[in-house]
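> Would you be able to build a 3D model of this:
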Amino acid sequence: MAEEEKGLYLLNKLEHILDSDPLIDEVGFIHPSQFFILNEEAGGGLPSSNHHLLQSEDGISSFWNEDHKLGISTDILFPLYQAAKHAFMTAIAQYRVHGNLSVEEEKYEDENVSYRLEDEIMKHSRALLLLSSDFGTAWNSRKLVLSKKQDLSMFMDEFLLSALVLSYSPKSEQAWSHRRWVIKMIAGKYACLQEVLGKESELVEKIAEKSKMNYRAWNHRCWLVFHMTGEQVLHELDKSRSWAGLHVADNCCFHYRRRLMLRILELFCYKRDPNGYSVEIHQMWKAKSKGGKVVESCSSSGKRKAEELNWNKLLIERYIGREGLWLHRRFLSVGWIKHSATDISNFLDNEIQFVHSCLLAIPSDEFGDVEAQMVFSATYILWVTKQMDDGEGIELQEKLIKVREIRTMLNKQRPEKKFLWDSLFI
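Prediction:
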């Protein structure tokens, strides 16, 4: 079989699989030696008798499909990609020519041709994107067709396709960008937006479990916040707490929480709610949703979660030397300083005592975490003092003396790092 004919045959096979199983949610590229193992696990006999294992005409195993999972042999990637690219570029070129003719001839051309070409573009671009996730022209061609159709079912299908692409390329910027485009097209036109946003947030969390430090995924989740209702924002703040507590090394989740909290301020502090009252910053730092309404959780009920500052303190004491936790505390501290002016003195006292306790209660250092904790705590308390207003007067100066005592403590515990400690307190 000629190379071009083989590629076309493989492309037809792939597109047939995608059409026959529209619920495929994961795709992977498999070495030919793994097909036999997959066949055995599926309970199949010989490859030729297994309907899950599809072969090309020369007898080589090419695709594997079961339980809505798709495997593609690495041996066929090049001819398959070449065929998919050629088919797509041909379809898009014909579509453009047809569009120009339609304008010149005042749309006397048969509209069925346009529909057929659009179907070809959508079909071939789908196959191409499963092989090359960042093929921008393919993504843009789908946007062109979708913007003309304005069909909700087609928009929802785009979520399935982009999720399939993300299953093998979780950091594909084009795929994440495409999902945001679809959400913009849905927003304000269909009633399913809030449900879509909830599923998007769940998708990011699922992908973040498999793909660590995935900035693009978390950036997408942060973008979703601006389209959420107040109730959804509060729900996300509650839901993300447990995940963040189990992934303290991943600063992306804490950045997401900061975005949620800023959104809370925008919705409930800087703007008045429909009932005519605004929520205090120290209350919103603990706000929760209950019964579909926003309420302040200022009571001491055991059912209420600890406020963000106390929770952050607990994590810092539990996980030594995690910079992301200290950075998150900076955000919380500056929020408290800016919005709780009457409580600054007590706040600074508590922070100084906390830093002292971190420096005194550190176990033996085996991995360099102790030194990291010292540096992070010292730089944190210095940073906090620099956020204070000089007009605080004598009371603030007294507290700054306590801060300087921290340098003395550091010099006693680690005299070999004296130059470092002195440079921090300049």
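
> Report all helices and strands that the longest helix that the chain contains contacts.
Longest among the helix segments of the chain by residue count, using DSSP state H, is helix 77-104. For helix 77-104, the elements it packs on are helix 3-20, helix 111-131, helix 136-149, judged by 3 or more C-beta pairs under 8 Å, 6 or more residues apart in numbering; DSSP states H and E. The way it works is simple: take the backbone N, C-alpha and C, and place the C-beta from them, glycine included.

> Quickly compare these and say which is most buried.
helix 111-131 (a mean of 19; mean count of other C-beta atoms under 10 Å).

> circling back: name the residues of the longest helix of the chain that are buried.
Neighbour-count burial for helix 77-104, counted by 16 or more other C-beta atoms under 10 Å, picks out 79-88, 91-92, 95, 98, 102.

> Which residue in these has the weakest pLDDT?
On pLDDT alone, residue 102 ranks lowest of these, at 52.

> quick one on the thing from earlier: can I get the helices and strands packed on helix 77-104 in a markdown table with distance to residue 410?
Listed next are those as a markdown table, based on distance: least, C-beta to C-beta, whole Å:
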| stretch | distance to residue 410 |
| --- | --- |
| helix 3-20 | 62 |
| helix 111-131 | 54 |
| helix 136-149 | 52 |
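
> JSON lines for those, including mean pLDDT?
Output for the helices and strands packed on helix 77-104, formatted as JSON lines (pLDDT from 0 to 100):
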{"stretch": "helix 3-20", "mean pLDDT": "92"}
{"stretch": "helix 111-131", "mean pLDDT": "93"}
{"stretch": "helix 136-149", "mean pLDDT": "96"}
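
> hang on, the earlier thing: would you check which pair of the buried residues of helix 77-104 lies furthest apart?
The span of the buried residues of helix 77-104, defined through C-beta to C-beta, is set by 79 and 102 at 34.6 Å.

> quick one: low-confidence ranges for the stretch 301-426 of the chain?
301-306, 340-343, 361-367, 389-404, 413, 421, 424-426 (pLDDT under 70).

> Helices of that one, start to end?
According to DSSP state H, counting those that start in this stretch, the stretch 301-426 of the chain carries its helices in the segments 308-318, 323-339, 344-360, 369-386, 394-413, 418-424.

> now swap in the stretch 101-250 of the chain and tell me
Using DSSP H, counting those that start in this stretch, helices in the stretch 101-250 of the chain cover 111-131, 136-149, 152-168, 173-186, 193-210, 215-224, 230-246.

> would you list these in CSV and tack on distance to residue 409?
Below are these laid out as CSV (distance: least, C-beta to C-beta, whole Å):
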stretch, distance to residue 409
helix 111-131, 58
helix 136-149, 56
helix 152-168, 49
helix 173-186, 46
helix 193-210, 38
helix 215-224, 37
helix 230-246, 29
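
> thought residue 120 was touching residue 89?
No: with contact defined as C-beta atoms under 8 Å, residue 120 does not reach residue 89; the gap is 11.2 Å.
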